[in-house]
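**Q** my questions are about this predicted structure, shown below with the sequence.
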Protein chains: 2
Amino acid sequence: MSAGRQDVHNSNVPALCQSCEARHNGMCGVLNADELLAFAKHTRVVRHGAGEELLSEGASITAYSNVMRGVVKLIKTLADGRRQIVGLQFAPDFVGRLYADESAVTAEAASDVELCRISKRALERMVASNPMLEGRLLKQALRDVDEAREWMVALGRKTASEKLASFLGQIGRYLDPMVAQDDRTLAFELPLTRAEIADFLGLTIGTVSRELSRLKRDGIIEIRSRRKIEIIDRQRLQQRSG
Amino acid sequence: MSAGRQDVHNSNVPALCQSCEARHNGMCGVLNADELLAFAKHTRVVRHGAGEELLSEGASITAYSNVMRGVVKLIKTLADGRRQIVGLQFAPDFVGRLYADESAVTAEAASDVELCRISKRALERMVASNPMLEGRLLKQALRDVDEAREWMVALGRKTASEKLASFLGQIGRYLDPMVAQDDRTLAFELPLTRAEIADFLGLTIGTVSRELSRLKRDGIIEIRSRRKIEIIDRQRLQQRSG
DNA sequence: CGGGCTTTTGAGGTGGCTCAAACAGAGTGG
DNA sequence: CCACTCTGTTTGAGCCACCTCAAAAGCCCG
């Protein structure tokens, strides 16, 4: 509380923020040590297990979050239960629809997650007084638009096998951005079950499984275990993604 | 530059802005008369005929626009020519991807349009110095996200007939927001050809036409001419949109 | 080592596609 | 005012990608 003894030095940064990805690439990156300190007064780290619902479609929004670890899926559901995943948020993404009173999506932890939570009121006050912060949120929103539109193409115009190839490519690219261009194999853990992949790609679980098997049969990927995939031939994966 | 003679009065507003929708509901709404005047120094009204390309996927962006009249469609194209319309922008929407050097979409006039054009450089400078403007663009981006996600559900999970019903419902709602709830019929002009509707809904032209015929046969709509549709039974249209 | 998951695989059905022909409107020129 | 064309739309017949339903096979944890 009393910040009297602290000098203007980087060590003023709250311990949790030190290693938080949001400080580097996320919205907190625009805050200096003092602002970060003020910000941290309103935040709380919360943990949720895989499958827990963080936010319910139609429910009122009381807080926003930044993803610190894990994956959050954004889901929309039709009256008869059909589901579509409309977004995946990885660290250090921002979760929540700024200014909306009620959520247009259900947010659910796809894996165990750690979130940095801040009340709706507090964040909106900070945004109003800090244009830099607003700018970061604008950039996040623009990225979200880009991504949603990218998937609209997949959903509307790609075949099942192209959808799977695009999905694996995107996950691979996201999880290992460093080695985007060379041709080594690339192994990673799928953040989603087959059923969730189906809900993301507008397919059924059967088709997802079949197409994965096909990619494996064709020597493009290896399926090491349910969740562990290895991309053997990126080039051909790319070719198949439409 | 010398604003000496101008008193703080509404009549200082540039003539073109007086009636422009962007001043009321669009991004210019946050500008006062002086700011608007400064803004207008960098803008130019441009007209384009239906079908003209305003912006090309992958091309560098040099200017942004506000739609003053007409409809702009945002298109993404796959290597083999398959197309997906990923957004429709009506007055007073903002067109262009802020901060991006190259466009991720092709923008095309769906009808004859009037745009208020401003150079990328000029707008970005104004945004940097005017947080209110940035806030408006953030809100626009958030609306774009909401809309894209709404259509992801349709593309991924709705049947052809549900897609058509959703589309007609949205257009109707947009073009006549005043009478959203009562049960009068609602006539309007489609801003898109059958082929464009197909590219929006991830269908083929044949299916679009068939489903429209079915809605007509079932007494839910009337097709007055190619472009003129009348919604006879909004309630049942709503029921069919999933 | 059995019971409850998720995933894979198979067999058959179907919604929306492809291909193709007929039709309708809006110009255009005779 | 009527062909004549051009483009956009409707409609039909047949097919295929993906769905549905169902069973078998892994995998994980007691």
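**A** In hand now; what should we look at?

**Q** for chain A, which residues are neighbours of DNA strand D?
**A** Taking C-beta under 7 Å from any atom of the strand as the contact definition, chain A meets DNA strand D at A:159, A:160, A:161, A:202, A:203, A:204, A:206, A:207, A:225, A:226. Using the backbone N, CA and C atoms, a C-beta is placed for each residue, glycine as well.

**Q** name the helices or strands packed onto the longest helix seen in chain A?
**A** Secondary structure assigned by DSSP state H gives helix A:131-157 as the longest helix of chain A. Packed against helix A:131-157 by the contact rule (3 or more C-beta pairs under 8 Å, 6 or more residues apart in numbering or on different chains; DSSP states H and E) you find strand A:83-90, helix A:120-129, helix A:160-175, helix A:194-201, strand B:71-77, strand B:83-90, helix B:131-157.

**Q** list the buried residues for the fourth one?
**A** So the one you mean is helix A:194-201. By 16 or more other C-beta atoms under 10 Å in any protein chain shown, the buried positions in helix A:194-201 come out as A:194, A:196, A:197, A:198, A:199, A:200, A:201.

**Q** nearest to residue B:186, out of the residues of chain A next to DNA strand D: which one, please.
**A** Set against residue B:186, the nearest of the residues of chain A next to DNA strand D by C-beta to C-beta is residue A:202 (30.0 Å).

**Q** so what's the closest one up against?
**A** A:84, A:155, A:163, B:155, B:156, B:157 (C-beta atoms under 8 Å, 6 or more residues apart in numbering or on different chains).

**Q** cutoff 6 Å now
**A** A:155, B:156 (C-beta atoms under 6 Å, 6 or more residues apart in numbering or on different chains).

**Q** next: the one 3 residues further on.
**A** Going by C-beta under 6 Å, 6+ apart, residue A:205 touches A:194, A:195, A:198.

**Q** one more pass at 10 Å, please.
**A** Contacts of residue A:205 were listed using C-beta atoms under 10 Å, 6 or more residues apart in numbering or on different chains, and they are A:193, A:194, A:195, A:196, A:197, A:198, A:199.

**Q** how about those residues in JSON lines, adding distance to chain B?
**A** Output for these, formatted as JSON lines (distance: C-beta to the nearest C-beta, whole Å):
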{"residue": "A:193", "distance to chain B": "17"}
{"residue": "A:194", "distance to chain B": "16"}
{"residue": "A:195", "distance to chain B": "14"}
{"residue": "A:196", "distance to chain B": "13"}
{"residue": "A:197", "distance to chain B": "12"}
{"residue": "A:198", "distance to chain B": "10"}
{"residue": "A:199", "distance to chain B": "8"}
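
**Q** confirm that residue A:44 sits in a strand.
**A** Yes - per DSSP: H, G, I helix; E, B strand; the rest coil, residue A:44 lies within a strand segment.

**Q** distance check, the residue nearest the centre of chain A against residue A:143.
**A** Central residue of chain A (C-alpha atoms, centre = their mean): residue A:89, 1.2 Å from the mean position. The gap separating residue A:89 from residue A:143 is 10 Å, by C-beta to C-beta, to the nearest Å.

**Q** equivalent analysis for residue A:30, please.
**A** For residue A:30 relative to residue A:143 (C-beta to C-beta), the value is 15 Å.

**Q** in terms of neighbours, single out the busier of the two.
**A** residue A:30 (18 against 14; other C-beta atoms under 10 Å in any protein chain shown).

**Q** and the spatially closest residue to that one that is not a sequence neighbour, how many residues sit next to it?
**A** Counting by C-beta to C-beta, 6 or more residues apart in numbering or on different chains, residue A:30 lies nearest to residue A:132, which is 4.0 Å off, once chain neighbours are set aside. For residue A:132, the neighbour count with other C-beta under 10 Å is 15.

**Q** hmm, back to that, looking at the helices and strands packed on helix A:131-157, which is closest to DNA strand C?
**A** Comparison of those against DNA strand C by C-beta to the nearest atom of the strand identifies helix A:194-201 as nearest, at 3.4 Å.

**Q** hang on, the earlier thing: narrow the residues of chain A next to DNA strand D to those that are buried.
**A** A:160, A:161, A:202, A:203, A:207.

**Q** related to what we said a few turns ago, farthest pair within the residues of chain A next to DNA strand D?
**A** A:159 and A:225 (26.6 Å).

**Q** what is the nearest of the buried ones among the residues of chain A next to DNA strand D to residue A:96?
**A** Nearest member of those to residue A:96, counting by C-beta to C-beta, is residue A:202, at 24.7 Å.

**Q** outline the domain layout of chain A.
**A** Domain assignment for chain A by automatic domain parsing gives A:10-154, A:158-239.

**Q** let me have those domains in JSON lines, extended by mean pLDDT and distance to DNA strand C.
**A** Converted to JSON lines, the domains of chain A look like this (pLDDT from 0 to 100; distance: least, C-beta to the nearest atom of the strand, whole Å):
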{"stretch": "domain A:10-154", "mean pLDDT": "94", "distance to DNA strand C": "9"}
{"stretch": "domain A:158-239", "mean pLDDT": "91", "distance to DNA strand C": "3"}
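
**Q** can I get those domains in CSV including distance to residue B:211?
**A** Listed next are the domains of chain A as CSV, based on distance: least, C-beta to C-beta, whole Å:
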stretch, distance to residue B:211
domain A:10-154, 18
domain A:158-239, 18
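
**Q** residue B:45: which of those domains is closest?
**A** Nearest of these to residue B:45, taken as C-beta to C-beta: domain A:10-154 at 25.7 Å.

**Q** next, count neighbours for residue A:189.
**A** 13.

**Q** from what I see, it and residue A:172 are in contact.
**A** No - applying C-beta atoms under 10 Å, one finds residue A:189 not in contact with residue A:172, separated by 11.2 Å.

**Q** which residues do these two both contact?
**A** residue A:229.

**Q** in stretch A:216-224, what counts as buried?
**A** By neighbour count on 16+ other C-beta under 10 Å, the buried set for stretch A:216-224 is A:220, A:221.

**Q** show me the contact partners of that stretch.
**A** So stretch A:216-224 is contacted by A:161, A:164-165, A:168, A:172, A:185-190, A:209, A:212-215, A:228-240 (C-beta under 10 Å, 6+ apart).

**Q** how long is that stretch end to end?
**A** Separation of the first and last residues of stretch A:216-224 by C-alpha to C-alpha, to the nearest Å is 10 Å.
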